[in-house]
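>>> the sequence and its predicted three-dimensional model are supplied below.
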Amino acid sequence: MPVTRHAFTKVASNSHWQFFATLSRASRGLALTWFTLIVVRGLLPIGLVLAIGEVVAAVGTGTSLVGGLSVIVIVFTLSQILASVHAQIGVNLGDRMSTYLQDQLLNATLSPNGLRHMESPDLADSLSAAQDFDLGRSGPPMDISIGIIAGGLVEFVIGLGQVGVLAAYRWWVALVVGAVWMSTHWLLRDSMTASRLDEQIQFAQRRAEYTYRLAVDPPAAKEIRLFGLSGWTVDQFVENSRQLIDLRWKAMRLRQKSMVWSILLLVGMNMGLFGLLARDAANGALDLGQITVFAQAAVGAAALAFGGLNWALPPAAESVALITNLRQSMESEGQLLDGDISAHSLPKRAITFQELTFSYPGGSAPVLDGLNLAIEAGKSIAIVGVNGAGKTTLIKLLCRLYDPDHGAIEADGTDLRDLDIASWRSRLSVIFQDFVHYDLSVRDNVAPHGAPDQLIWETLADAGMSSITSLDTILAKGYDGGTDLSGGQWQRIAIARALCEIRQGAGVVILDEPTAQLDVRGELEIFDRILEATKGKTTILVSHRFSTVRRVDKIVVLEGGRVIEQGSHDALMATQGRYREMFDLQASRFTVGEG
């Protein structure tokens, strides 16, 4: 359901204060200087108006012009110098603000110790919108916004100062002029209803960002060219961007009725004000210098009107509010309750899954449904089953990236939810099937937390990556001396990463399709090395290749979110059940291929 205009107004009123408070948190010294210059630059025109009035009066009376002209020169020179200084400070402050918000955004995504917040569709839209403060798709980037906001605030202070000058003419005139110019903010408020909080805008922005990344990031480059999708990708980006712009324009355009009322009020007020000044000048109530001062102040009060500040401040402030709210929402969605029991040396006896039930956010059916399983410590097991049987989900729960909806996972009788999460995860060495290719050195890919070089070389050798000649080589072609690897070579790097963790004390080894991109011979070689390296460790293998899983101590067959068979390879083959059916089917493919 779209966010209502009332919600926009409520968020805006709070987010403006959040924005200015965040400026101070980003850099207190720069923010104080920035605000001080806004006030000084806003008040300088008062001196200019008064000095011009003095010069005009001096011309009329034939007195000296030196004093008035000197003030004009000083004020004008200061205005130019301070404007340049203010602009530079604004750019610096904008950079500091961007860095601060990036830090907050990273904390929002990384602080929760679970994964549920990263797979929520609603939070994904909000995250995409929150990132726009530095991308400039639906508003200027932060360093530019700061400059526009500074200019708008300086104009606002100028307007207040000129209204103060008019108070010397008649106090009620100053109130009327100030009130009429300020009323434009209320009359034209409908032109600021576009918000990054709107669900349609968030979705359009997410799609535009996605198609942009398709075009400029390497992973999709081959398919885009191979299938002739370059034009389609550009068209998609243009269409999504146009939709985003149209949505914002529709919400931000000036409304005819509001414009008419604003024009009528301003015309009426200015006609009355200048008519009053003309009458007093004709009656001799005001001399030439005074009429000059008050006429300039009447014009200068227009700086209070609806303008650049109204366009620049809301999106910048909303970015801050979005990131602040996103951090709270992600914390609430993704944070798992942390236990206080150390997982040191666990498990010594067994890991047990008891009546385990789990569904993903937004999922209609449970992925795991009453699953029961016991894994003896120090033994190796393989988990097999068709796609969607729940194998990878089971691994995620064992790693405590999620908590089960019902049931429990226990290590030596202790519920994982009672264990310290960091302590438990330090006991795990995991390779996921979608493991990360870090654009970093070989050293950092194998041992992100650090390890002696000799240990890294040994694990690379165990993983069959003896072709590596330097640990400093960047594993990405976009860097000087960098190189890319084949899918199989990357898989060996990931295996080396897991072996390194094992050498450094991990007690549970989890391999989710660790050799899917290796040929059969390479897979058998690597898996034999893994089993050798993990002797005495609890080893859990997820694989579709039955030639590999037959080497483990026990095989578990998952189907429909439950364990339907378990036992050794020979026992399961003798049972003539689901495992035998899948094994024979895969074996027949190899037989056909050989024939």
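That came through fine. Numbering: from 1, shown residues only.

>>> residues near residue 483, how many?
Residue 483 is surrounded by 13 other residues when neighbours are defined as other C-beta atoms under 10 Å. Using the backbone N, CA and C atoms, a C-beta is placed for each residue, glycine as well.

>>> let me fix that: residue 172
Residue neighbour count, defined by other C-beta under 10 Å, stands at 10 for residue 172.

>>> give me the mean pLDDT for the helix ranked longest in the chain.
The longest helix of the chain (DSSP state H) is helix 66-110. For helix 66-110, mean pLDDT rounds to 92.

>>> what packs against it?
Counting contacts by 3 or more C-beta pairs under 8 Å, 6 or more residues apart in numbering; DSSP states H and E, the secondary-structure elements packed against helix 66-110 are helix 5-26, helix 28-61, helix 121-130, helix 142-167, helix 308-334.

>>> adding mean pLDDT, write those helices out as a markdown table.
Below are these laid out as a markdown table (pLDDT from 0 to 100):
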| stretch | mean pLDDT |
| --- | --- |
| helix 5-26 | 69 |
| helix 28-61 | 92 |
| helix 121-130 | 77 |
| helix 142-167 | 91 |
| helix 308-334 | 83 |
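
>>> looking at the ones you listed, which is closest to residue 287?
Closest approach to residue 287 among those (C-beta to C-beta): helix 28-61, 6.4 Å.

>>> residue 586 and residue 386: what is the separation?
The spacing between residue 586 and residue 386, counted by C-beta to C-beta, to the nearest Å, is 12 Å.

>>> should've said residue 52
For residue 52, the distance to residue 386 - C-beta to C-beta - is 85 Å.

>>> so where's this structure shaky on pLDDT?
Applying pLDDT under 70 to the chain flags residues 1-13, 136-139, 188-199, 202, 248-257, 515-520, 522, 589-595.

>>> skipping adjacent residues, who's closest to residue 342 in space?
Nearest non-adjacent residue to residue 342, counting by C-beta to C-beta, 6 or more residues apart in numbering: residue 423, 5.1 Å away.

>>> shouldn't residue 384 be in contact with residue 543?
Yes. With contact defined as C-beta atoms under 8 Å, residue 384 reaches residue 543; the gap is 6.8 Å.

>>> what about residue 434, neighbour count?
Residues near residue 434, counting by other C-beta under 10 Å: 8.

>>> just put the helices and strands packed on helix 66-110 in a markdown table and tack on distance to residue 109 and mean neighbour count.
Shown next, in a markdown table, are those (distance: least, C-beta to C-beta, whole Å; neighbours: other C-beta atoms under 10 Å):
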| stretch | distance to residue 109 | mean neighbour count |
| --- | --- | --- |
| helix 5-26 | 18 | 16 |
| helix 28-61 | 26 | 18 |
| helix 121-130 | 7 | 20 |
| helix 142-167 | 19 | 21 |
| helix 308-334 | 7 | 21 |
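
>>> okay if I get those helices as TSV plus distance to residue 531?
Shown next, in TSV, are those (distance: least, C-beta to C-beta, whole Å):
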stretch	distance to residue 531
helix 5-26	53
helix 28-61	58
helix 121-130	39
helix 142-167	53
helix 308-334	35
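
>>> hmm, back to that, so the residue nearest to residue 342 is in contact with residue 345, correct?
No. Contact status for residue 423 versus residue 345: not in contact, 10.5 Å apart, counting by C-beta under 8 Å.

>>> okay, helices next: where are they in the stretch 451-595 of the chain?
Ranges of helices within the stretch 451-595 of the chain are 453-462, 487-503, 520-533, 546-549, 569-575, 578-594, based on DSSP state H, counting those that start in this stretch.

>>> of the ones you listed, flag the one that's most buried.
Burial of these is given as mean neighbour count (mean count of other C-beta atoms under 10 Å); helix 487-503 ranks first at a mean of 22.

>>> okay, now the domains of this protein?
With domains defined by automatic domain parsing, the chain comprises 9-188+254-332, 345-427+507-595, 436-505.

>>> go through these and name the closest to residue 204.
Residue 204 sits nearest to domain 9-188+254-332 of all these, at 8.8 Å, using C-beta to C-beta.

>>> what about the residue nearest to residue 342, neighbour count?
16.

>>> likewise residue 264?
10.

>>> try residue 120
Residue 120 is flanked by 19 other residues according to other C-beta under 10 Å.

>>> okay, helices next: where are they in the stretch 251-400 of the chain?
Using DSSP H, counting those that start in this stretch, the helices assigned to the stretch 251-400 of the chain run over residues 256-282, 288-300, 308-334, 391-398.

>>> in the second one, what counts as buried?
Going back to what we said before, that points to helix 288-300. Neighbour-count burial for helix 288-300, with 16 or more other C-beta atoms under 10 Å as criterion, is recorded at 289-298, 300.

>>> residue 306 is in contact with residue 183, isn't it?
No. Using C-beta under 8 Å as the test, residue 306 is too far from residue 183 to be in contact (9.2 Å).

>>> identify the contacts common to the two.
When contacts are counted by C-beta atoms under 8 Å, 6 or more residues apart in numbering, the set common to residue 306 and residue 183 consists of residue 262.

>>> looking at the two, which has the bigger crowd around it?
Neighbour comparison, residue 306 and residue 183: the larger count goes to residue 306, with 21 against 18 (by other C-beta under 10 Å).

>>> what about that one? Give its phi and psi, please.
Residue 306 has phi and psi values of phi -50, psi 130 when expressed as degrees, to the nearest 10.

>>> the helix or strand harbouring residue 409 to helix 391-398, inter-axis angle?
Residue 409 belongs to strand 406-411 when elements are defined using DSSP states H and E. Relative orientation of strand 406-411 with respect to helix 391-398: 70 degrees, computed using axes from the mean of the first three to the mean of the last three C-alpha atoms, to 10 degrees.

>>> leaving aside the residues next to it on the chain, what's closest to residue 276?
Sequence neighbours aside, residue 173 is the residue nearest to residue 276 in space, at 7.2 Å (criterion: C-beta to C-beta, 6+ apart).

>>> kindly apply the preceding question to residue 375 instead.
Looking at residue 375 with C-beta to C-beta, 6+ apart, the closest residue is residue 351, at 4.5 Å.

>>> distance check, that neighbour against residue 57.
Per C-beta to C-beta, residue 351 is found 92 Å from residue 57.

>>> so residue 67 makes contact with residue 54?
Yes. Under the criterion of C-beta under 8 Å, residue 67 lies in contact with residue 54, with a separation of 6.8 Å.

>>> so what's the residue lying farthest from the centre of the chain up against?
In the chain, counting by C-alpha atoms, centre = their mean, residue 62 sits farthest out from the average C-alpha position, at 66.5 Å. The contact partners of residue 62, by C-beta under 8 Å, 6+ apart, come to none.

>>> over to it: give its phi and psi.
When quoted as degrees, to the nearest 10, the phi and psi of residue 62 stand at phi 80, psi 20.

>>> so how far is residue 290 from it?
Using C-beta to C-beta, one gets 17 Å for the distance from residue 62 to residue 290.

>>> same question, residue 122
Here residue 122 is placed at a distance of 61 Å from residue 290 (C-beta to C-beta).

>>> how far does stretch 417-436 stretch from start to finish?
End-to-end span of stretch 417-436 (C-alpha to C-alpha, to the nearest Å): 27 Å.

>>> also stretch 458-474?
Between the opening and closing residues of stretch 458-474 we find a distance of 19 Å, counting by C-alpha to C-alpha.

>>> what comes up buried for that stretch?
Of the residues in stretch 458-474, 458-460, 462-465, 468, 471, 473-474 count as buried by neighbour count, 16+ other C-beta under 10 Å.

>>> what's the distance between it and the middle of its chain?
Averaging C-alpha coordinates over stretch 458-474 and over its chain gives two centres that are 34 Å apart (C-alpha atoms, centre = their mean, to the nearest Å).
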